[in-house]
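Asker: here's a sequence, model it:
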Amino acid sequence: MTTTIDDREIEKFQAMAAEWWDPDGKFRPLHMLNPCRLDYITRQIAGEFARDLSAEKPFEGLRVLDIGCGGGLLSEPMARLGATVVGVDAAERNIPVAQAHAQQSGLEIDYRHTTAEALVDAGEPAFDAVLNMEVVEHVADPLAYLAACHALLRPGGLMCCSTINRNAKSFAMAIVGAEYVMRWLPKGTHEWSKFITPDELFDLLRQAGMDPVDRTGFVFNPLTWSWRLSDRDLSVNYVTTSLRPGA
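Answerer: Okay, the predicted model is just below:
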């Protein structure tokens with residue numbers, strides 16, 4: 001498959017690789033958002049595969065792919081829940097950071113410097129779930145990228161895909177606020193023109209062969225400095241769940 005990698009986007013994250021596990025560093029927004037993301041992801045997977053989240057290893061037997069895994073902020077919790085996790089990232093410097101932290105944490109995670117398209121070309125066995133979080137707004141061809149994600153799922157498999165809406169509010173908060181005012185992220189981390197509205201993402205997912213079943217907002221409260229899930233407010237950050245038909 002033709003790669004959808006945007007080299008300029010990859011270089012941005014290469015430069016920040018060493019800071020993945022610093023909760024006060026450049027990835028502070030993700031550390032703050034992570035509990036909210038995990039709440040959504042785990043409930044979606046548990047619901048689809050009839051798993052009891054109160055069990056010790058509720059995702060045991062499930063094979064999960066974390067695309068754009070970075071330093072492993074999502075891969076590690078999935079492994080602790082019992083899933084067999086493959087974490088991939090196009091930014092090569094992220095992989096040794098993720099590997100070192102997993103080893104320190106006593107977790108077995110298969111981290112690879114590769115892409116979704118390369119996994120498809122290599123005939124990678126299908127996954128039960130794909131985590132595709134905050135990646136689609138950084139690729140050169142979103143539809144081709146989502147088609148590769150579809151190809152990596154087994155029939156009946158589930159994908160969680162999050163991104164940023166494209167409107168005046170998202171420009172003010174995700175770019176002006178996060179990059180220039182709060183300085184949570186380096187300037188230029190995001191390009192507003194690459195943001196995708198929920199309707200556009202649902203359309204892309206359908207074109208890629210997926211069946212979208214849910215979309216939910218991640219809403220930041222500046223007073224409590226915390227995130228929450230919302231089924232109404234998708235104005236800035238949001239996440240979707242879609243299924244590969246054919247189970």
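Asker: contacts for the longest helix belonging to the chain, please.
Answerer: As assigned by DSSP state H, the longest helix anywhere in the chain is helix 28-49. Applying Cβ atoms under 8 Å, 6 or more residues apart in numbering, the contact partners of helix 28-49 are 22-23, 51-53, 58-59, 62, 64, 70, 73-74, 77, 81, 128-129, 131, 133-134, 158, 160, 162, 178, 184-185, 214, 216, 218, 225-229, 237, 239, 241, 243. (Glycine included, C-beta is placed from N, CA and C.)
Asker: quick one: classify the residue located most distally from the centre of the chain as helix, strand or coil.
Answerer: In terms of distance from the mean C-alpha position of the chain, residue 223 ranks first, at 25.9 Å (Cα atoms, centre = their mean). Here residue 223 is recorded as coil under DSSP: H, G, I helix; E, B strand; the rest coil.
Asker: per-residue confidence averaged over stretch 92-107?
Answerer: The pLDDT scores in stretch 92-107 average 91.
Asker: burial of residue 29, as a residue count?
Answerer: For residue 29, the tally of surrounding residues (other Cβ atoms under 10 Å) stands at 18.
Asker: check the one 4 residues further on too.
Answerer: Other residues lying near residue 33 total 20 when counted by other Cβ under 10 Å.
Asker: read off the pLDDT value for it.
Answerer: At residue 33, the model reports a pLDDT of 91.
Asker: same check on residue 27?
Answerer: 78.
Asker: quick check: which ranges of this structure have low pLDDT?
Answerer: Under the criterion pLDDT under 70, the flagged ranges of the chain are 1-18, 173-190, 192, 247.
Asker: show me where it has its strands.
Answerer: Using DSSP state E, the strands of the chain run over residues 63-67, 84-89, 110-113, 127-133, 153-164, 211-221, 226-230, 237-243.
Asker: could these be laid out in JSON lines, adding distance to residue 46 and mean neighbour count?
Answerer: Formatted as JSON lines, the strands of the chain follow (distance: least, Cβ to Cβ, whole Å; neighbours: other Cβ atoms under 10 Å):
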{"stretch": "strand 63-67", "distance to residue 46": "13", "mean neighbour count": "25"}
{"stretch": "strand 84-89", "distance to residue 46": "16", "mean neighbour count": "25"}
{"stretch": "strand 110-113", "distance to residue 46": "22", "mean neighbour count": "17"}
{"stretch": "strand 127-133", "distance to residue 46": "11", "mean neighbour count": "24"}
{"stretch": "strand 153-164", "distance to residue 46": "11", "mean neighbour count": "22"}
{"stretch": "strand 211-221", "distance to residue 46": "14", "mean neighbour count": "17"}
{"stretch": "strand 226-230", "distance to residue 46": "15", "mean neighbour count": "15"}
{"stretch": "strand 237-243", "distance to residue 46": "12", "mean neighbour count": "24"}
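Asker: list the residues that contact the most centrally placed residue in the chain.
Answerer: For the chain, residue 133 is the residue whose C-alpha lies nearest the centre (Cα atoms, centre = their mean; 1.4 Å). Contact analysis of residue 133 by Cβ under 8 Å, 6+ apart lists 37, 66, 68, 74, 160-162, 239.
Asker: what is the nearest of those residues to residue 201?
Answerer: residue 161 (7.0 Å; Cβ to Cβ).
Asker: double-check that closest one against residue 136; I have them as touching.
Answerer: Yes. Applying Cβ atoms under 8 Å, one finds residue 161 in contact with residue 136, separated by 6.2 Å.
Asker: which residues do those two both contact?
Answerer: 146, 201.
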